[in-house]
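Colleague: Structure for this input, please:
(2 chains)
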Amino acid sequence: MSNNRNIRVVITGVGLTAPNANNLKEFRDALLTQKSGITQMEVRYMGKVAVGNCNFDETLYQKKKMRRRGTRAGSISIYCAHEALKDSGLCLDSLVNDRTGIYLGITEHGNVETENEIYELYQNNLDVSLWSHHHNPRTVANTPAGEVSLNMGITGPAYTIGAACAAGNIGIIHGMQMLQLHEVDLALAGGVSESTGTFGIFAGFKSQGALGSHDDPTCASRPLDINRNGIVVSEGGAIFVLERLEDALERGAKIYGEIAGYHINSDAVDFVLPDTQRQVQCMNAAMAKAKITANDVGIVNLHATGTTSGDINECEAINLIFGQSENTYINCTKGFIGHAMGAAGALELAGNLPSFTDNKIHSCKHIENVDPKCSMKNLVNGDPVEKDVNFILSNSFGMLGINSVLIIKKYIK
Amino acid sequence: MDAQTIRQKIIDIIADIAVDEDLSNLDDNIKLRDQLDLDSMDFLDVVMELKKRYKIEVPTEDYPKLATLKSCIEYLGPKLP
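Modeller: Numbers count the residues shown, from 1 in each chain, chains lettered A, B, ... in the order given. Have a look, this model is predicted:
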């Protein structure tokens, strides 16, 4: 095992869809120019809510019939997987299908399809004989990854990893581990979410007093702002092509960065409330694996969802680790795209990866009044910061106390 | 109900299921699955839609009677409201 850990894994392709972009270049431009993707949508039983919906072409890589049969999460995954592969310079024909793995983090899957089916059931006077035979294949937890496998003809392992809102990072970590174990030779790994299709998630956050709102929907997601009022639910996906460094070099691949460190742990204290000490432990353990110290980290991308306790706990953790670190700049992404749930970690990492080449650190979406309890040195709030970056540390935390930290290193030949 | 109307109702259902297909030149005497990219899941969708839209129950043993448009018209004609 210790030898396997020394096997270096790199990112060689990125495919994504976010509420404000449908590829990495658009996404980077949007983050550098403060472009929000948050709009309003009518949600069944609830009325208008702020939401982050994506606007990619579902039929670019998928037949309409298969879209109808499958799920929104599957469709997002298929789009992102094709885009990632294209971006990597590979094509479907060049893949060894049984040596390719698909590992997708999800916060949840099946709520959308189940709610819709129950809604239809009530429209049909509870006639259960009209319950769709598509219900089970649409709602099994591996569906988003399985739809990619079916669409692309990939016969290697394809499954999802349920890890609440830490899942995007964990999909990537798992893909890396499977490459290190030589279970596969190429991994399509990341996170996806279709959560804006279910009223239950909006209603659940509202009942919890944690659903973000504002007359101007582009201002509804306000992490770290004293006037924030909760989470804006979004959908989206980001899938990375991961390869062992030696394989990537052999084919002359473009390398976005190397997975240098990671850690996953659990709070074991509460269903929803975060725990600062476990977050600190998680970040420290990830840096130890990467063999770096706080001052080596150029960017910390916060999980920061826009809830009071979530933001404050994380900022406490950041100040404990990076409070004395002159080189570390802090940003967050959810002000622009809302909380893309299982996709969040993967999308937010993607949005920062270009820092290795454009030497810019994108800002948070402008925070009018930073909560004093979220005050941090080098919080990027306004214009992007021009700076050479060597390490990006990305936090993603989730319900039931799961924490994940991913560290990406600039690849230098 | 005349045969043409029945035919159109069946095609309307297929159009919602085989959404990528051109249905303008279907041959009524050739099996639908030989003309269109339809699989068993699609076929179950057709049966489900007949039930939803027209309250027509198609028992499993009658599935072969939905093989062609011609046999569909013959089988469903007397059942359609």
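
Colleague: Name the residue of chain B with the shortest distance to chain A.
Modeller: In chain B, the residue found nearest to chain A is residue B:19; the distance is 4.1 Å by Cβ to the nearest Cβ. All C-beta atoms are positioned from the backbone trio N, CA, C, and that covers glycine.

Colleague: That residue against residue A:66, yeah?
Modeller: No - judged on Cβ atoms under 8 Å, residue B:19 makes no contact with residue A:66 at a distance of 9.6 Å.

Colleague: Settle it for me: which of the two has more neighbours?
Modeller: Counted by other Cβ atoms under 10 Å in any protein chain shown, residue B:19 and residue A:66 do not tie: residue A:66 has more neighbours, with 19 against 15.

Colleague: secondary structure class for the residue lying closest to the more buried one once chain neighbours are set aside?
Modeller: Spatial nearest neighbour of residue A:66, chain neighbours left out: residue A:151 (7.0 Å); criterion: Cβ to Cβ, 6 or more residues apart in numbering or on different chains. With DSSP: H, G, I helix; E, B strand; the rest coil as the basis, residue A:151 sits in helix.

Colleague: what about residue A:151, distance to chain B?
Modeller: As judged by Cβ to the nearest Cβ, to the nearest Å, residue A:151 and chain B stand 14 Å apart.

Colleague: what's the distance between the residue of chain A most remote from its centre and chain B?
Modeller: Ranked by distance from the centre of chain A (Cα atoms, centre = their mean), the top residue is residue A:125, with 39.2 Å. Separation of residue A:125 from chain B (Cβ to the nearest Cβ): 12 Å.

Colleague: Are we agreed that that residue is in a strand?
Modeller: No - judged by three-state DSSP, residue A:125 forms no part of a strand; its state is coil.

Colleague: which residues does residue A:402 contact?
Modeller: Residues counted as contacts of residue A:402 (Cβ atoms under 8 Å, 6 or more residues apart in numbering or on different chains) are A:163, A:164, A:166, A:264, A:265, A:266, A:267.

Colleague: any idea how far it is from residue A:111?
Modeller: Distance of residue A:402 to residue A:111, given as Cβ to Cβ, to the nearest Å: 18 Å.

Colleague: Could you double-check that residue A:332 sits in contact with residue A:366?
Modeller: No - using Cβ under 8 Å, residue A:332 is not in contact with residue A:366, being 11.8 Å away.

Colleague: Between the two, which has more neighbouring residues?
Modeller: Between residue A:332 and residue A:366, residue A:332 has the larger neighbour count (other Cβ under 10 Å), namely 29 against 13.

Colleague: distance of the more buried one from chain B?
Modeller: When residue A:332 is compared with chain B (using Cβ to the nearest Cβ), they lie 40 Å apart.

Colleague: What values do phi and psi take at that residue?
Modeller: Per-residue torsions, residue A:332: phi -150, psi 160 (degrees, to the nearest 10).

Colleague: list the contacts for it?
Modeller: A:223, A:224, A:301, A:302, A:303, A:304, A:348, A:364.

Colleague: Now the residue nearest the centre of chain B: closest residue in space, sequence neighbours ignored.
Modeller: Taking Cα atoms, centre = their mean, the centroid of chain B lies closest to residue B:10, which sits 4.5 Å from it. Leaving out its chain neighbours, the residue that sits closest to residue B:10 by Cβ to Cβ, 6+ apart is residue B:72, at 5.0 Å.

Colleague: is it true that the one you found touches residue B:62?
Modeller: No - checked against Cβ under 8 Å, the pair residue B:72 and residue B:62 is beyond contact range at 10.9 Å.

Colleague: more neighbours, those two?
Modeller: Using other Cβ under 10 Å as the criterion, residue B:72 and residue B:62 rank with residue B:72 on top: 23 against 11.

Colleague: is it true that the more buried one lies in a strand?
Modeller: No - counting by three-state DSSP, residue B:72 is located in no strand; its state is helix.

Colleague: residue contacts, it?
Modeller: Applying Cβ under 8 Å, 6+ apart, one finds that residue B:72 lies in contact with B:6, B:7, B:10, B:65, B:66.

Colleague: and the last one, how many neighbours does it have?
Modeller: A count of neighbours around residue B:66, defined by other Cβ under 10 Å, yields 19.

Colleague: For it, which non-adjacent residue is closest in space?
Modeller: The nearest residue in space to residue B:66 (Cβ to Cβ, 6+ apart) is residue B:72, at 5.3 Å.

Colleague: Now do the one you found, the pLDDT please.
Modeller: The model reports residue B:72 with a pLDDT of 97.

Colleague: gap between the residue nearest to residue B:10 and residue B:40?
Modeller: Plainly put, residue B:72 is 17 Å away from residue B:40 if you go by Cβ to Cβ.

Colleague: would you list every one of the helices in the stretch 251-400 of chain A?
Modeller: For the stretch 251-400 of chain A, applying DSSP state H, counting those that start in this stretch gives helices covering A:276-290, A:308-322, A:334-337, A:344-352, A:355-358.

Colleague: Can you check what angle separates the first one from helix A:308-322?
Modeller: Compare the direction of helix A:276-290 with that of helix A:308-322 by axes from the mean of the first three to the mean of the last three Cα atoms, to 10 degrees and you get 40 degrees.

Colleague: so how far is helix A:276-290 off the chain centroid?
Modeller: 19 Å (Cα atoms, centre = their mean, to the nearest Å).

Colleague: Would you indicate which residues of that helix are buried?
Modeller: A:276, A:278-287, A:289-290 (16 or more other Cβ atoms under 10 Å in any protein chain shown).

Colleague: Any chance you could list what contacts that helix?
Modeller: In contact with helix A:276-290 (Cβ under 8 Å, 6+ apart) are residues A:260-268, A:293-294, A:296-297, A:313-314, A:316-317, A:320-321, A:391, A:393, A:395, A:397, A:401, A:403-407, A:409.

Colleague: change it to 7 Å
Modeller: Contact with helix A:276-290 is made by A:260-263, A:265, A:267, A:293-294, A:313-314, A:316-317, A:320-321, A:391, A:393, A:397, A:403, A:405, A:407, A:409, as judged by Cβ atoms under 7 Å, 6 or more residues apart in numbering or on different chains.

Colleague: Kindly format the C-alpha coordinates of that helix as CSV.
Modeller: The C-alpha trace of helix A:276-290 is given here as CSV (Å, rounded to 0.1, in the frame of the first residue of the first chain):
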residue,chain,number,x,y,z
THR,A,276,-14.3,23.0,13.7
GLN,A,277,-11.8,20.7,15.3
ARG,A,278,-12.5,17.9,12.8
GLN,A,279,-12.2,20.3,9.9
VAL,A,280,-8.8,21.4,11.2
GLN,A,281,-7.7,17.8,11.6
CYS,A,282,-8.9,17.0,8.1
MET,A,283,-7.0,19.9,6.5
ASN,A,284,-3.9,19.2,8.5
ALA,A,285,-4.0,15.5,7.5
ALA,A,286,-4.3,16.4,3.9
MET,A,287,-1.4,18.8,4.1
ALA,A,288,0.7,16.1,5.8
LYS,A,289,0.0,13.7,2.9
ALA,A,290,1.0,16.4,0.5
